[in-house]
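A.B. asks: After the sequence you'll find the predicted model.
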Amino acid sequence: MLIPTFFAKLIRDFDELGFTLSLMEKINLKQELAYFDNRRTFFALQGKIDGTDFEATFFIVRPKHENFFAIRHYQFKLKSEGTQKCQVFKVNYLENDWFPVKLKGPISKIMAYNLLSGRAVFNDESKAWLQIDFSKRCSELSPAELNSGDYLINADRFDQLHDNFVMRKYADFDLKKELTALGIDNVDDVEKRLRNGDVVKIQDDRQKLSMMVSPKFRYIRKTVVQPHRISLGDGASFKNRIRKRRKK
């Protein structure tokens with residue numbers, strides 16, 4: 001029997017992960033949960049982020065002798081220009097008497113997108129910056145590397161079982177201090193977006209910049225998006241100044 005309260009709780013879990021379901025998706029999910037007998041099922045979603053196609057497949061369980069549902073993990077896949085990358089992200093809960101009260105340090109949809117795009121995100125649960133190393137799989141790590149503390153490793157061999165890419169960990173640093181030193185407006189909002197792995201664009205007096213975090217080197221990497229160009233007025237004034245100097 002599908003209890004409305006538990007279904008509503010599951011929908012909130014999807015929302016917290018950044019996957020806001022449409023009415024039709026909610027109907028499909030409700031039908032899927034109402035009829036599965038083995039207490040576990042998969043539910044897939046598709047969409048676009050910044051013009052890039054993604055596919056997310058959720059592993060949903062209903063514990064034995066219980067009527068509530070929990071998302072145990074989801075596979076996030078990016079498809080772009082004939083290539084694709086995917087990673088499976090574990091979903092943890094804060095529990096009260098075995099009931100999943102709320103998500104604990106979740107990797108949201110936008111975080112998953114940014115990680116698979118090569119950028120770093122800050123994870124509240126591990127209190128560290130995370131960044132995927134696409135050159136190595138977790139199954140390829142040596143025992144010494146597994147115990148080094150340099151990687152995000154789940155104790156139940158979750159990452160090895162799903163053949164995930166290595167997730168490197170980097171210590172946190174005072175990001176707000178760095179942003180304040182740059183004289184950026186709305187520091188709190190910019191910091192939040194950078195911690196989610198976003199590329200943030202700002203405009204200073206001369207040019208437009210894009211910023212992203214490089215936790216390995218503990219700094220904000222800035223790239224010029226729109227170089228400052230001299231207007232015709234500026235150019236004419238410059239020529240007049242040159243002519244005056246020559247007359248002298």
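C.D. replies: Nice, thanks for sending it over. Numbering: from 1, shown residues only.
A.B. asks: ok, and what's touching stretch 168-183?
C.D. replies: 120, 122, 126-133, 149-152, 187-188, 190-191, 194-195, 213, 215-216, 218-220 (CB atoms under 8 Å, 6 or more residues apart in numbering). For glycine as for every other residue, the C-beta is placed from the backbone atoms N, C-alpha and C.
A.B. asks: In this structure, where is pLDDT below threshold?
C.D. replies: For the chain, the stretches flagged by pLDDT under 70 are 1, 36-38, 64-65, 96-98, 205, 226-248.
A.B. asks: where along it do the strands fall?
C.D. replies: 40-49, 52-61, 70-80, 83-90, 93-96, 99-103, 121-123, 128-137, 165-171, 200-203, 208-214, 219-226 (DSSP state E).
A.B. asks: neighbouring strands for the shortest one, and are they parallel or not?
C.D. replies: In other words, strand 121-123. strand 128-137 (antiparallel) (DSSP bridges).
A.B. asks: Report the angle between the strand it pairs with and strand 83-90.
C.D. replies: Angle of strand 128-137 versus strand 83-90, following axes from the mean of the first three to the mean of the last three CA atoms, to 10 degrees, is 130 degrees.
A.B. asks: Make TSV out of the strands of the chain and add mean neighbour count.
C.D. replies: Listed next are those as TSV, based on neighbours: other CB atoms under 10 Å:
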stretch	mean neighbour count
strand 40-49	14
strand 52-61	18
strand 70-80	19
strand 83-90	17
strand 93-96	12
strand 99-103	15
strand 121-123	21
strand 128-137	17
strand 165-171	18
strand 200-203	15
strand 208-214	18
strand 219-226	13
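A.B. asks: give the contact list for residue 7.
C.D. replies: If you count contacts by CB under 8 Å, 6+ apart, residue 7 has them with 30, 33, 69.
A.B. asks: how close does it sit to residue 111?
C.D. replies: 25 Å (CB to CB, to the nearest Å).
A.B. asks: One more: residue 178?
C.D. replies: Distance from residue 178 to residue 111, by CB to CB: 20 Å.
A.B. asks: out of the strands of the chain, which comes closest to residue 20?
C.D. replies: strand 40-49 (10.1 Å; CB to CB).
A.B. asks: Give me the neighbour count for residue 17.
C.D. replies: 22 (other CB atoms under 10 Å).
A.B. asks: ok, now which ones touch it?
C.D. replies: 71, 74, 91, 103, 106-109 are the contacts of residue 17 under CB under 8 Å, 6+ apart.
A.B. asks: Which parts of the chain belong to which domain?
C.D. replies: 4-171, 174-248 (automatic domain parsing).
A.B. asks: Endpoints of stretch 157-170, how far apart?
C.D. replies: End-to-end distance of stretch 157-170 (CA to CA, to the nearest Å): 21 Å.
A.B. asks: Please state the offset of that stretch from the chain centre?
C.D. replies: 16 Å (CA atoms, centre = their mean, to the nearest Å).
A.B. asks: Could you do stretch 75-92 as well?
C.D. replies: Stretch 75-92 sits 11 Å away from the centroid of its parent chain (CA atoms, centre = their mean).
A.B. asks: what's the answer for stretch 66-79, then?
C.D. replies: 16 Å.
A.B. asks: Over to stretch 167-178?
C.D. replies: Using CA atoms, centre = their mean, the offset of stretch 167-178 from its chain centre is 15 Å.
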